[in-house]
Structure formats: structure tokens, C-alpha cells
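Asks: The following block contains a protein sequence and its predicted model.
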Amino acid sequence: MDELEKVLAQIADLQTKARELQQKKKSAVIEEIKLKIKQYGLTARDLGLGSSSARDVERRSVAIKYRSGDYTWTGRGRKPKWVEKHLSSGGSLESLAV
């Protein structure tokens, strides 16, 4: 085994030891964090870990464009079945417009 192979073997050995030490330390840190979260009643949002999903964003209502009795539709997305039925029976979207 030449010198380069020895050094590479030592590097691999040290990397393995570093991962093991990190894992041991990580477990202790996780336990400490869990304890603090429980102690202070923290949430993911408190810690800035919440996602910015649609439910986190303030929702704005969209105006209704079409109505038939109790049925309403904003005109966004796929046409509801009641709109499809109205159109297939010869009706127009304009006749449902609010």
C-alpha cells in the first residue's frame, strides 16, 4: 500500500468516526430541543419552520360570476356539473352571469 492509499484510508476512517460522533451529539441536541419545545409550548410556526402553503397565506375571496339558484361559481377552475348540464341543454354562460 503506497502513501496515497494510506492517506485515503485514514480519511475514510476519520469520516466514519466524524459521522458517528455527529450522530451521538445530534441525538442529545434533539432531546434537548424537544424538552424546550414541550416546556415552552412552541409550535413549528413559532420557530419559523411552518411552510408557506396556501393555508398560511391570507385568502382573498373571489367574486361570484355565475349563479343558478343556490349554485354559484367564480368562473375559475373546472366547470361545475350544474354549469356543464346547463350548457349541454342549450343554455349559455351569459344567462348564468351575475
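Replies: Structure received.
Asks: Which other helices and strands does the longest helix along the chain contact?
Replies: Ranked by residue count and defined by DSSP state H, the top helix of the chain is helix 3-40. Helix 3-40 makes packing contacts with no helix or strand when contacts are defined by 3 or more C-beta pairs under 8 Å, 6 or more residues apart in numbering; DSSP states H and E. No exception for glycine: its C-beta is placed from N, CA and C like everyone else's.
Asks: ok, then the element right after that helix?
Replies: As assigned by DSSP states H and E, the chain's next helix or strand after helix 3-40 is strand 66-68.
Asks: Show the average pLDDT along that following strand.
Replies: Across strand 66-68, the average pLDDT comes to 93.
Asks: Next, count neighbours for Asp70.
Replies: Applying other C-beta atoms under 10 Å, we find 6 residues neighbouring Asp70.
Asks: ditto for Arg60
Replies: Arg60 has 5 nearby residues by other C-beta under 10 Å.
Asks: what's the spacing between Val7 and Glu20?
Replies: Distance from Val7 to Glu20, counting by C-beta to C-beta, to the nearest Å: 21 Å.
Asks: try Arg45
Replies: The value you get for Arg45 to Glu20, if C-beta to C-beta is used, is 34 Å.
Asks: and Gly75, what element?
Replies: Gly75 belongs to no helix or strand, assigned by DSSP H and E.
Asks: okay but it is in contact with Tyr66, surely?
Replies: Yes - the pair Gly75 and Tyr66 passes the contact test of C-beta atoms under 8 Å, sitting 6.3 Å apart.
Asks: Comparing these two, which shows the higher neighbour count?
Replies: Just comparing Gly75 and Tyr66: by other C-beta under 10 Å the higher neighbour count belongs to Tyr66, 20 against 15.
Asks: which ones are touching that one?
Replies: Listed by C-beta atoms under 8 Å, 6 or more residues apart in numbering, the contact set of Tyr66 reads 72-75, 83, 93, 96-98.
Asks: so how far is stretch 24-38 off the chain centroid?
Replies: Distance of stretch 24-38 from the chain centroid (C-alpha atoms, centre = their mean, to the nearest Å) equals 24 Å.
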